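Asks: from the sequence below, what's the structure:
(one chain, ligands or ions: 1)
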Amino acid sequence: MTTQTLSAKTDHYNLKNYDEVYNSFQWSQVEQNFSWHATGLVNIAHEAIDRHAKTEKANKVALYYSDQYRKEQYTFKEMKDYSNKAGNVLKNIGVNKGNRVFIFMPRSPELYFVLLGTIKLGAIAGPLFEAFMEGAVKDRLEDSSAKVLVTTSELLKRVPVNELPNLEKVVIVGEDVKEDETYIDFTKNFEQASATLDVKWVDREDGMILHYTSGSTGKPKGVLHVHNAMIQHYQTAKWVLDLKDDDVYWCTADPGWVTGTTYGVFAPWLAGVSNVIRGGRFSPSDWYQTLENYNVTVWYSAPTAFRMLMGAGDELIKNYNLSSLRHVVSVGEPLNPEVIRWGIKVTNLRIHDTWWMTETGSQLICNYPSMEMKPGSMGKPIPGVEAAIVDDEGNVLPPNRMGNLAIKKGWPSMMRAIWNNMEKYESYFLAGDWYVSGDSAYMDEEGYFWFQGRIDDVIMTSGERVGPFEIESKLLEHPAIAEAGVIGKPDPVRGEIIKAFIALRDGYEQSAELQEDIRNFVKKGLAAHAAPREIEFKDKLPKTRSGKIMRRVLKAWELDLPTGDLSTMED
Ligand code: PRX
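Replies: All right, here's what the predicted structure looks like:
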C-alpha cells in the first residue's frame, strides 16, 4: 500500500472541508434547489434546461457541438425550444408518460434534443450505443417493449423492425425519408413542430432513463433511473466536477453509456454550465484540439483514453495550448498512478479518480479537488453516502481487509429497478440494506478505498463493460463452434482485452481465417467492442458438472495462476 499523497490548494474548490460536510450533510439540503419544493412534482429535463432559459443564463451557450462535419452552438433558450420541438414530434405520434423511447444514433445535436424531449413528456429514454449490431439492438428493444425508436437511415439497417411487435413508430433522422404508418421523418416534423410544449410534471420516483448493461450471466439488464437522481447529479457536479458558472466542461463519454448521460447531459446542465460535446471517433490530435478550441476548464474522461493519449507521446501535446484546463476527472477503470504522474507532467494537474456504476446512477467514491490524494486509490465516499467493505453475509469488515465493496441503500440516484426482473434487482442487496457492487476492494485506516477487481467475470475493456455470457452466446451461434468461454485478459492500454477459448465442432479445423471469421461474426452480430481480440482453440473447455464453463479456470491458465478448487469440475 502506498502512503504517498498529493495535496491540493483547497481554498478555491467547492467542497473545501470534506470531513466537516461529511459529518453533517443531509440530501434534503439539496432538494430545496428544485421545483418539487413548491409543487411536489418535477421533471429533470425542465430543471436541466428550461429553468435556466428563464434566467440571465438564457443566452449563455449550453451546448458546443462539433464533429468532423458540423460545428454548432446552442444557448439554453435554444436548447429549450429545440427539445420542445423534438418533444412535440414524439407527442404527435402518441408518446406518453412511461413509454419507452429508444434512441439509436451517433452523437449529434438532434440526439440531445430527442433525449431531453422524451424526458419532458415523462417518457423513459433508452439510449443505445451506435456500435450495436442487430442482435444487441433487438435484445434491448424487446426486453423493454419499446414503443418508439429514433434512429438514422444508416443505423436502421440494424433494426429488425418486423420482429418487434411492440415497436409502433420508427422516427428517422436523415434525408429523403419515405413516411408511412410506421416510419416518420424527423427533420420534416421537427421543422413544423411548435417550440412550445407543456412539460409533463411527474413524481420524483417516476422513471426517466433506462441503460442496458452487462452482467456475468444472462442477457444485458435494463437499469432504470428516476427523476430523483437529479439531486445527486447536481451535487456531484458541484463537489466532484467542481463546476462553477463560468466553466466550460467536456465529458468524453457517449450517451449510450451512463457516464454520457449523467455527466454528459444532466450534471453539467443542472449546474448551468457550458457543455462541450465532440462527436466522431477518438483521435489524440482531435481531442487536444477540442480542449484548446473551446478553452475547456473541466475535463471528464477515462483511463483508457488517458493511456492512449500518453501513448501518442509528449511531443504531440506540446502543439496545443491546454492552459485553460483547471480540473481533470476520470472514471471507468482503475486509474494507474503512472497516468496521474503523466497528467501532472503534461498539464500540471492531478487527475481525479471517481468510482461508480451504471446501477448507482452517479459518482459515489471520489477524489475531491480539495482532498489529499493517494494515487491508486478511488478516494472517499461523497457526503450523504455510506460505503463499506462487507463479507458475503453483509458483515462490515475492518480496515485493510479485502471484501465486497458495498454501499448503504438509499442514495438519491440509486437504480430503482431492473426492467422486467425484480428478482435480479433484489439480488444486488445483501441483508436488505447493503447494495453489493460486484467489485472487491479494501479501505485503509484513513478511509480511502482501493479497488482490487471484479468479483464476477464482467470484463472492462477500454472502459466499456462487457458481459462474457453475451459474447459466449453469440459465439455459440457460429456454425464451427461447439463450446466457448470468454475472459478479460489484462492489457496495459485497454485495461482488459477480450479473449475467447473455443472448442470446434467435428469437421472444423482451426485456422487464421476461421479466427478472423469468428471475430467478424461477433462484430456483426453484437458490436465491434465485444469481438474477442484473442482466440485460442482448445479440444474442450473446463466445465462444472452442471455444464457451466469455468471462466475462473480459463483465467488461471491464461495468467499462470493456481486454478483453485476444482471439485465441481466434470471428469
Ligand atoms: O468494476 C468497476 C469499474 O466499472 C464498473 C462499472 O461499469 P459501468 O456500469 O459500465 O460504469 C462505468 C462508469 C460509471 C465498476 O463495477 N469502475 C468504474 N469506475 C472505476 C472502476 N474501477 C476502478 N476504478 C474506478 N474509478
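
Asks: name the SS class of the residue nearest to Leu561 when sequence neighbours are not counted, please.
Replies: Closest residue to Leu561 apart from its sequence neighbours, by Cβ to Cβ, 6 or more residues apart in numbering: Lys555 at 7.3 Å. The way it works is simple: take the backbone N, C-alpha and C, and place the C-beta from them, glycine included. Using DSSP: H, G, I helix; E, B strand; the rest coil, the structure places Lys555 in helix.

Asks: could you list the low-pLDDT ranges of the stretch 401-550 of the chain?
Replies: In the predicted model of the stretch 401-550 of the chain, residues 546 satisfy pLDDT under 70.

Asks: that one against the ligand: which residues are in contact?
Replies: Ser437, Gly438, Asp439, Phe451, Arg454, Met460, Arg465 (Cβ under 6 Å from any ligand atom).

Asks: please, where are all the helices along the stretch 201-350 of the chain?
Replies: Using DSSP state H, counting those that start in this stretch, the helices found in the stretch 201-350 of the chain span residues 230-239, 258-261, 267-270, 284-293, 303-311, 314-317, 337-347.

Asks: and these as TSV, adding mean pLDDT, mean neighbour count and distance to Val385?
Replies: What follows is those, written out as TSV (pLDDT from 0 to 100; neighbours: other Cβ atoms under 10 Å; distance: least, Cβ to Cβ, whole Å):
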stretch	mean pLDDT	mean neighbour count	distance to Val385
helix 230-239	98	26	9
helix 258-261	97	24	17
helix 267-270	98	28	16
helix 284-293	97	17	31
helix 303-311	91	20	22
helix 314-317	92	12	35
helix 337-347	92	17	23
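
Asks: out of those, nearest to the ligand?
Replies: Ranking those by proximity to the ligand (Cβ to the nearest ligand atom) places helix 258-261 first, at 5.0 Å.

Asks: need the CA coordinates for the closest one. PDB is fine.
Replies: C-alpha atoms of helix 258-261 as PDB (Å, rounded to 0.1, in the frame of the first residue of the first chain):
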ATOM      1  CA  VAL A 258     -24.300   6.000 -18.200                       C
ATOM      2  CA  THR A 259     -21.400   8.400 -18.000                       C
ATOM      3  CA  GLY A 260     -22.500  10.100 -21.200                       C
ATOM      4  CA  THR A 261     -26.000  10.900 -19.800                       C
END
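
Asks: quickly check: it near the ligand or not.
Replies: Yes: Helix 258-261 comes into contact with the ligand (Cβ under 6 Å from any ligand atom), by way of Val258, Thr259.

Asks: sorry, back to before: quick one: closest of the helices of the stretch 201-350 of the chain to Ser7.
Replies: For Ser7, the closest of these is helix 337-347, at 12.3 Å, according to Cβ to Cβ.

Asks: counting contacts, what elements does that closest one pack onto?
Replies: Under the contact criterion of 3 or more Cβ pairs under 8 Å, 6 or more residues apart in numbering; DSSP states H and E, helix 337-347 touches helix 303-311, helix 314-317, strand 327-331, strand 351-355.

Asks: rebuild these as TSV, extending it with distance to the ligand.
Replies: Supplementary listing: the helices and strands packed on helix 337-347 in TSV, determined by distance: least, Cβ to the nearest ligand atom, whole Å:
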stretch	distance to the ligand
helix 303-311	8
helix 314-317	23
strand 327-331	5
strand 351-355	4
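
Asks: can I get those in JSON lines with distance to Ser28?
Replies: Supplementary listing: the helices and strands packed on helix 337-347 in JSON lines, determined by distance: least, Cβ to Cβ, whole Å:
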{"stretch": "helix 303-311", "distance to Ser28": "35"}
{"stretch": "helix 314-317", "distance to Ser28": "44"}
{"stretch": "strand 327-331", "distance to Ser28": "26"}
{"stretch": "strand 351-355", "distance to Ser28": "24"}
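
Asks: can you give me the strands in the stretch 51-200 of the chain?
Replies: Using DSSP state E, counting those that start in this stretch, the strands of the stretch 51-200 of the chain run over 61-66, 71-75, 100-104, 124-128, 148-152, 169-173, 183-185.

Asks: any idea which of those strands gets closest to the ligand?
Replies: Comparing the strands of the stretch 51-200 of the chain under Cβ to the nearest ligand atom, the one sitting nearest is strand 124-128, at 13.2 Å.

Asks: so for that closest one, what's the average pLDDT?
Replies: In this model, strand 124-128 carries a mean pLDDT of 98.

Asks: quick check: nearest residue in space to the residue of the stretch 201-350 of the chain found nearest the ligand, chain neighbours excluded?
Replies: As assessed by Cβ to the nearest ligand atom, the ligand sits closest to Pro334 within the stretch 201-350 of the chain, at 4.2 Å. In space, and not counting its chain neighbours, Pro334 is closest to Phe451: 5.2 Å by Cβ to Cβ, 6+ apart.
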